[in-house]
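1. Quick check, what structure comes out for this input:
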Amino acid sequence: MTSNAVDTQTTPAVALTIAGSEATGGAGAQADLKTFQELGVFGIVNLTCIVSFDPKDNWNHRFVPVDQQVIADQLEATTAAYGAGSGAPSVLDTVKIGMLGSPDTISTVATALSEGAFRNVVLDPVLICKGQEPGHALDTDQALKAQILPLATFVTPNHFEAESLSGLEITDVESLTAAAVRIHELSGAAVLAKGGVRLAGPDAIDVFYDGETLEVLSAPKVGDVAVSGAGCSLAAAVTAELAKGAAPLEAARAAKDFVTAGIRNRVASGAPFDALWQGGPR
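-> Reported below is the predicted structural model:
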């Protein structure tokens, strides 16, 4: 006798990333999906843009946005299949926001987030796409801060993004902490502000703050150069852990460990940067 019933005891948690494709596989949606898989979460991606580095132009980004209707169609299909009321054994209530790239895309995604029943909205606030025209990038930054940041429950800014969001100059752990507090005050979200390799000293320092708990997360630096995909993978790891039911601080700690191992086991290529390997913890 056979049965089509789903064994809900082994059904994985589900997480969505709304992000861009990065052609070399080191960052973006590719990094997110690999992180989700490594951490035991069923990953879904809705693409917002296609980004490819240009080796003939100092490895700047070539940015092509996905049509707005196509983005809306992806979100509609995903929420119908896995969202609240879909009848799916694992309901999609956790989403990571990565590269959006334009004010139009930000508006499309903000509408979907407002209409969805997402318990966790993890924002990796990608503010500037290297090689983008400055005026367009500024418009995108302002739209992200106005429309997406208020919807986030967890924010993972890097050094530059933390300075931009907080309006503070970050030079040490104290100023990174002040920036994390300021971003929480602006958004109401839990914040994991990343100092990474940009702060002086032997350790890569990140600061977690959620309005009640402040914790400095530290790990020895693995080299002094940023690694492609580290920020995407950190936010994706936070997303995966939240989808599995972890508390925000637990998710931050686990994500820090995951990314440190991935940087230690980085992948080199012909590009002038290495890429984090999501299989590093293994």
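2. Can you give me the pLDDT of the closest residue to Ala27 other than its chain neighbours?
-> Nearest non-adjacent residue to Ala27, counting by CB to CB, 6 or more residues apart in numbering: Gly229, 4.2 Å away. (Each C-beta comes from the backbone N, C-alpha and C, glycine too.) The per-residue pLDDT reported for Gly229 equals 95.
3. Ok, Gly211 next?
-> 98.
4. To which secondary structure element is it assigned?
-> Under DSSP states H and E, no helix or strand contains Gly211.
5. Which residues are in contact with it?
-> With contact set as CB atoms under 8 Å, 6 or more residues apart in numbering, Gly211 has these partners: 184, 188, 190.
6. One more: Phe258?
-> The contact partners of Phe258, by CB under 8 Å, 6+ apart, come to 35, 38-39, 233-234, 237, 278, 280-281.
7. I'd like the residues you listed laid out as TSV, including distance to Leu47, pLDDT and neighbour count.
-> Output for the contacts of Phe258, formatted as TSV (distance: CB to CB, whole Å; pLDDT from 0 to 100; neighbours: other CB atoms under 10 Å):
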residue	distance to Leu47	pLDDT	neighbour count
Thr35	16	98	30
Glu38	21	98	21
Leu39	21	98	23
Ser233	18	98	29
Leu234	20	98	28
Ala237	20	98	30
Gln278	19	96	28
Gly280	25	90	18
Pro281	27	88	16
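8. what's the longest helix in this protein?
-> Scanning the chain for the helix with the most residues, using DSSP state H, yields helix 248-264.
9. Quick check: pLDDT value at the residue lying closest to Thr35 once chain neighbours are set aside.
-> Distances taken as CB to CB, 6+ apart place Ala236 nearest to Thr35, at 3.8 Å, with adjacent residues excluded. Ala236 carries a pLDDT score of 98 in this model.
10. which stretches of the stretch 51-200 of the chain have low pLDDT?
-> Where the stretch 51-200 of the chain drops to pLDDT under 70, the residues are 128-136.
11. ok, the contacts of Phe258 vs Glu215, which is closest?
-> Within the set of those, Leu234 lies nearest Glu215; the separation is 15.2 Å, counting by CB to CB.
12. from memory that closest one sits against Val259, does it?
-> Yes. Using CB atoms under 8 Å, Leu234 is in contact with Val259, at 4.7 Å.
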